[in-house]
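Student: what follows is a predicted structure for the sequence shown.
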Amino acid sequence: MTAAPRRTLTLKRSQSDETTPAVEERLHKVLANAGLGSRRLLEQRIQNGEITVNGAPATIGLSVKSGDRVELDGKLFVVIRDDAEQAQVLVYHKPEGVVTTREDPEGRPTVFEQLPRLKGQRWIAVGRLDINTTGLLLLTTDGNLANALMHPSSEIEREYICRVHGEVPDEVLERLKAGIELDDGPAHFDDIGVISRSGSHSWFRVVIKEGRNREVRRLWDAAGFLVSRLKRVRYGTVELPRPLKRGHSQELDAEDTKALRELCGATSSEPTLTLQPVIHQRRAGQSAVTEYRPAPKSSQQAWTGADRAEARELTRFDRIRDDGPGRRPGRGGPGGPKRFGGGAARPAGQGRGGRVVDGNTDKPQRRPARRGAAPGQEVVMPRTWSAGDEFNRG
């Protein structure tokens with residue numbers, strides 16, 4: 001029986017690692033891939049000298065590679081290579097009133113504020129939806145996939161549902177399919193489907209293959225109609241799930257992501273560079289410990305009477321009104337008949353205090369006093385006993 005050959009550890013890199021070409025990218029792109037801001041803002045910070053690479057101030061157009069150290073806002077990062085085989089694709093149901101941008105100067109809410117957080121990556125929006133348009137919005141971590149999906153040469157279909165004011169005749173629909181001249185060139189709908197028609201408004205399903213700014217609204221506007229509602233329900237092979245609520249998102253599975261790559265021609269994801277923070281950076285610095293000095297004895301503390309007031313309120317509940325049968329009845333108002341505590345008038349021939357008056361002798365006859373109890377209370381009867389005989393005491 002032969003023993004298994006021993007494996008020796010070595011510090012030399014394998015031949016496959018040596019033949020792997022080094023990846024170099026622009027600094028502002030690597031910072032944007034790490035989710036530290038937009039490329040335009042990062043270029044401005046590089047120009048202001050706020051970012052250093054390997055201890056030296058960075059310049060515009062500087063390229064970095066794996067292993068370089070980048071310092072930003074007092075934090076140290078190292079450039080690493082991201083070889084993720086499967087990029088993440090997110091399906092987001094955009095609500096109305098939210099803009100598709102990372103930073104809005106007007107302070108309006110953005111779609112990126114409601115997305116899941118990533119480490120070392122960022123979400124890239126596939127196209128945009130204006131603030132009044134709702135529906136499907138695709139986001140991915142692969143920049144090449146996003147560019148392939150948005151490029152006009154891919155001719156990927158985008159399907160919308162729109163509500164138009166007024167009744168639209170068939171001649172206008174044929175004109176929209178043939179083409180209308182816009183400010184940035186001719187445009188048309190690849191397909192138009194009628195959902196419903198009425199005198200006040202009509203619903204249509206339209207399909208376009210270009211991603212121009214507000215193209216659907218501008219086409220209807222050029223035809224003389226106003227779009228009041230617009231919702232995107234499909235992008236390529238991905239449809240908006242019906243159970244997905246507005247403002248929520250869900251990740252696309254591997255099969256649908258593969259079909260989306262084959263549709264636009266981006267079959268494989270290329271390696272990119274990103275940043276990873278250097279560990280042990282969150283330790284607090286040394287700070288001077290101030291000496292504890294007690295307060296002087298002459299200083300007096302102010303006390304409030306909140307406890308006394310609370311105790312006074314609680315003692316009110318201890319004095320429960322006795323509404324039992326043995327309670328002395330009250331008196332009526334001035335000028336009115338005398339009544340019992342329950343509000344009933346005193347019967348004839350009965351004096352004050354519950355005394356019965358005899359008509360002839362006028363001798364009051366007292367009733368035996370009863371000791372009543374309020375509702376919820378129990379009358380405690382003390383026990384009397386004598387210990388003289390039991391313990392032989394005089």
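Tutor: Cool, got the structure.

Student: what about the strands in the stretch 1-150 of the chain?
Tutor: 25-26, 51-53, 56-57, 63-64, 69-72, 75-82, 89-94, 124-126, 134-140 (DSSP state E, counting those that start in this stretch).

Student: could I get those strands in a markdown table, plus columns for mean neighbour count and distance to residue 243?
Tutor: In this view, the C-beta of every residue, glycine as well, is placed from N, C-alpha and C. Formatted as a markdown table, these follow (neighbours: other C-beta atoms under 10 Å; distance: least, C-beta to C-beta, whole Å):
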| stretch | mean neighbour count | distance to residue 243 |
| --- | --- | --- |
| strand 25-26 | 16 | 39 |
| strand 51-53 | 18 | 44 |
| strand 56-57 | 10 | 51 |
| strand 63-64 | 18 | 43 |
| strand 69-72 | 18 | 41 |
| strand 75-82 | 17 | 32 |
| strand 89-94 | 22 | 10 |
| strand 124-126 | 22 | 22 |
| strand 134-140 | 22 | 14 |
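
Student: which one, of the ones you listed, ends up nearest to residue 154?
Tutor: strand 124-126 (11.0 Å; C-beta to C-beta).

Student: pull the CA atoms of stretch 60-78 into PDB?
Tutor: Extracted C-alpha coordinates of stretch 60-78, given in PDB (Å, rounded to 0.1, in the frame of the first residue of the first chain):
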ATOM      1  CA  ILE A  60      -7.700  63.600 -13.000                       C
ATOM      2  CA  GLY A  61      -7.400  60.600 -15.300                       C
ATOM      3  CA  LEU A  62      -5.300  58.600 -12.900                       C
ATOM      4  CA  SER A  63      -5.500  54.800 -13.300                       C
ATOM      5  CA  VAL A  64      -5.300  52.400 -10.400                       C
ATOM      6  CA  LYS A  65      -4.700  48.600 -10.200                       C
ATOM      7  CA  SER A  66      -5.200  45.900  -7.600                       C
ATOM      8  CA  GLY A  67      -3.200  46.500  -4.400                       C
ATOM      9  CA  ASP A  68      -3.200  50.300  -4.600                       C
ATOM     10  CA  ARG A  69      -4.200  52.200  -1.400                       C
ATOM     11  CA  VAL A  70      -6.700  55.000  -1.600                       C
ATOM     12  CA  GLU A  71      -7.500  57.400   1.200                       C
ATOM     13  CA  LEU A  72     -10.700  59.300   1.300                       C
ATOM     14  CA  ASP A  73     -12.300  61.200   4.200                       C
ATOM     15  CA  GLY A  74      -9.700  59.900   6.700                       C
ATOM     16  CA  LYS A  75     -10.500  56.200   5.800                       C
ATOM     17  CA  LEU A  76      -8.100  53.900   4.000                       C
ATOM     18  CA  PHE A  77      -9.200  51.500   1.200                       C
ATOM     19  CA  VAL A  78      -7.400  49.000  -0.900                       C
END
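
Student: and it, average pLDDT?
Tutor: On average, the pLDDT along stretch 60-78 is 87.

Student: now do the SS call for the residue nearest to residue 224 when sequence neighbours are not counted.
Tutor: Nearest residue to residue 224 in three dimensions, chain neighbours excluded: residue 172, at 7.7 Å (C-beta to C-beta, 6 or more residues apart in numbering). Three-state call for residue 172 (DSSP: H, G, I helix; E, B strand; the rest coil): helix.

Student: what residues sit buried inside stretch 169-180?
Tutor: 172-173, 175-176, 180 (16 or more other C-beta atoms under 10 Å).

Student: okay, that stretch in PDB with CA atoms only?
Tutor: Output of stretch 169-180 as PDB, limited to C-alpha atoms (Å, rounded to 0.1, in the frame of the first residue of the first chain):
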ATOM      1  CA  PRO A 169     -59.500  58.000 -33.400                       C
ATOM      2  CA  ASP A 170     -57.900  55.200 -35.500                       C
ATOM      3  CA  GLU A 171     -56.200  57.700 -37.800                       C
ATOM      4  CA  VAL A 172     -54.200  59.100 -34.900                       C
ATOM      5  CA  LEU A 173     -53.100  55.500 -34.000                       C
ATOM      6  CA  GLU A 174     -51.900  54.800 -37.500                       C
ATOM      7  CA  ARG A 175     -50.000  58.100 -37.500                       C
ATOM      8  CA  LEU A 176     -48.300  57.200 -34.200                       C
ATOM      9  CA  LYS A 177     -47.200  53.900 -35.600                       C
ATOM     10  CA  ALA A 178     -45.900  55.400 -38.900                       C
ATOM     11  CA  GLY A 179     -43.800  58.100 -37.100                       C
ATOM     12  CA  ILE A 180     -44.000  61.700 -35.900                       C
END
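
Student: just to revisit the earlier point, of the strands of the stretch 1-150 of the chain, which is nearest residue 275?
Tutor: Nearest to residue 275, of the strands of the stretch 1-150 of the chain and by C-beta to C-beta, is strand 75-82 at 4.0 Å.

Student: contacts for that closest one next, please.
Tutor: With C-beta atoms under 8 Å, 6 or more residues apart in numbering as the test, strand 75-82 has contacts from 23, 30, 33-34, 64-71, 120-121, 271-278, 281.

Student: let's see 6 Å
Tutor: For strand 75-82, the external contacting residues (C-beta atoms under 6 Å, 6 or more residues apart in numbering) are 23, 64, 66, 68-70, 271-278.

Student: touching, residue 139 and residue 88? I think so.
Tutor: No. When contacts are counted by C-beta atoms under 6 Å, residue 139 is not listed as touching residue 88 (8.6 Å).

Student: that older thread, return the closest of the buried residues of stretch 169-180 with respect to residue 204.
Tutor: Distances from residue 204 to these, taken by C-beta to C-beta, are shortest for residue 173, at 8.2 Å.

Student: how close does residue 43 sit to residue 30?
Tutor: For residue 43, the distance to residue 30 (C-beta to C-beta, to the nearest Å) stands at 12 Å.
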